[in-house]
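**Q** no sequence for this one, just the structure:
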């Protein structure tokens with residue numbers, strides 16, 4: 001029976017192991033970010049219609065696991081129905097009595113994990129009629145829109161880049177004020193705890209994305225995509241539909257290049273950008289997407305200062321223009337294009353102060369607060 005607990009104990013160990021590693025580090029910070037869109041009717045600034053791609057290959061994605069968690073390890077805990085006729089009680093994910101009081105004090109077990117532990121014993125064997133094949137649920141689906149409020153699990157001894165609980169954020173009153181402002185729409189409010197290194201090149205960028213998911217309407221380069229046809233029969237397998245719905249991004253790009261309705265100037269530059277870009281682009285097309293990096297740098301006087309390096313793309317659909325004239329579809333309606341409005345800024349900041357980053361289409365408020373790692377509890381003497 002204890003062998004079945006090995007995967008679960010390995011999961012818990014990931015929460016415990018950073019304690020000894022993080023104890024001696026003096027440069028942990030809580031980073032809180034608010035992003036909001038604004039009324040853009042009066043924007044007169046001109047932007048290049050061709051998106052400037054952002055390479056996310058080396059970025060830390062803290063939002064996707066939150067929005068579409070991988071629960072495959074839970075499936076491994078459930079006994080299969082093929083080898084038994086009756087439901088069998090499944091072992092808990094972990095035994096809380098196996099941890100001494102000192103260990104419990106050093107690890108804050110998430111409420112959702114405790115809840116699963118309390119109830120998983122009541123789960124019997126899944127009947128054949130309700131069972132799904134692995135491919136039916138192995139691929140988590142991202143939502144049509146990112147929730148504005150992100151509620152994580154605050155860890156006293158973080159493993160790095162851990163999302164904070166919403167109750168631990170300190171700008172909630174400011175966020176509420178923004179929600180009451182006319183022409184302002186909150187897109188994202190979150191916080192995370194991380195170890196901030198010295199040096200821009202040594203820091204890991206966080207991938208931030210927010211707002212609407214345009215993947216079903218546009219490809220990454222802004223061109224419209226054909227929506228997959230709905231399955232025509234009850235016997236159509238879900239796996240086949242998912243494959244059709246997740247059209248290969250390369251095919252989308254080729255479709256966009258061959259689209260005769262796209263103005264020649266845009267098509268030519270689009271081709272050049274795609275051919276010269278040697279990185280990884282997102283598979284999902286979000287209203288706001290990009291990188292957010294925090295690092296420390298010494299001044300010539302050997303004073304350490306925090307820096308924020310942000311590179312974001314804000315996307316907004318609109319009529320595709322050719323010589324200031326709307327391009328029409330075969331039905332006579334204006335052809336749509338997903339325009340990109342880039343933001344790229346490097347700024348030196350001070351902890352505890354509010355820092356505002358301005359863009360014609362959105363605003364970003366950032367506060368960075370020092371986090372002092374508590375000493376781990378003393379090991380119990382046997």
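**A** Right, received. Where do you want to start? Being a predicted model, the structure only gives us computed values, none of them experimental.

**Q** so residue 70 lies in a strand, does it not?
**A** No: counting by DSSP: H, G, I helix; E, B strand; the rest coil, residue 70 is located in no strand; its state is coil.

**Q** pLDDT at it, what is it?
**A** Reading off the confidence values, residue 70 has pLDDT 77.

**Q** so what does it have for phi and psi?
**A** Here is the backbone geometry of residue 70 (degrees, to the nearest 10): phi -90, psi 110.

**Q** that one and residue 62, how far apart?
**A** Separation of residue 70 from residue 62 (C-beta to C-beta, to the nearest Å): 14 Å. From N, CA and C alone the C-beta is placed, and that goes for glycine too.

**Q** which one of these two is surrounded by more residues?
**A** residue 62 (18 against 11; other C-beta atoms under 10 Å).

**Q** who's in contact with the more buried one?
**A** For residue 62, the contact set (C-beta atoms under 8 Å, 6 or more residues apart in numbering) comprises 161, 163, 192, 206-207.

**Q** just give the nearest non-adjacent residue to it, would you?
**A** residue 161 (5.3 Å; C-beta to C-beta, 6 or more residues apart in numbering).

**Q** residue 214 too?
**A** Using C-beta to C-beta, 6+ apart and skipping the chain neighbours, the partner closest in space to residue 214 is residue 285 (4.4 Å).

**Q** wait, the one you found sits on residue 221?
**A** No: in this structure, residue 285 is not within contact of residue 221 by C-beta atoms under 8 Å, at 9.3 Å.

**Q** in a helix, residue 291, correct?
**A** No: assignment of residue 291 by three-state DSSP gives strand, placing it outside any helix.

**Q** quick check: which ranges of this protein have low pLDDT?
**A** 1-25, 72-140, 228-265, 268-269, 272, 380-382 (pLDDT under 70).

**Q** break it down into its structural domains.
**A** 27-69+141-371, 70-139 (automatic domain parsing).

**Q** buried residues in whichever strand in the chain runs longest?
**A** Determined from DSSP state E, the single longest strand within the chain is strand 304-319. The neighbour-count check on strand 304-319 (16 or more other C-beta atoms under 10 Å) flags 306-317 as buried.

**Q** and it, what does it pack onto?
**A** Packing partners of strand 304-319 (3 or more C-beta pairs under 8 Å, 6 or more residues apart in numbering; DSSP states H and E): strand 286-298, strand 336-349, strand 362-371.

**Q** give the partner strands of the next helix or strand after that strand in its sheet and their orientations.
**A** Counting by DSSP states H and E, the next helix or strand C-terminal to strand 304-319 is strand 321-322. Paired neighbours of strand 321-322 in the sheet (DSSP bridges): strand 325-326 (antiparallel).

**Q** contact partners of the strand it pairs with?
**A** Against strand 325-326 from outside (C-beta under 8 Å, 6+ apart): 319-320, 334-335.

**Q** pull out the buried residues from those residues.
**A** The buried subset of these - by 16+ other C-beta under 10 Å - is 320, 335.

**Q** can you give me the helices for the stretch 51-200 of the chain?
**A** Taking DSSP state H, counting those that start in this stretch, the helices of the stretch 51-200 of the chain run over residues 64-67, 72-77, 101-106, 111-119, 172-179.
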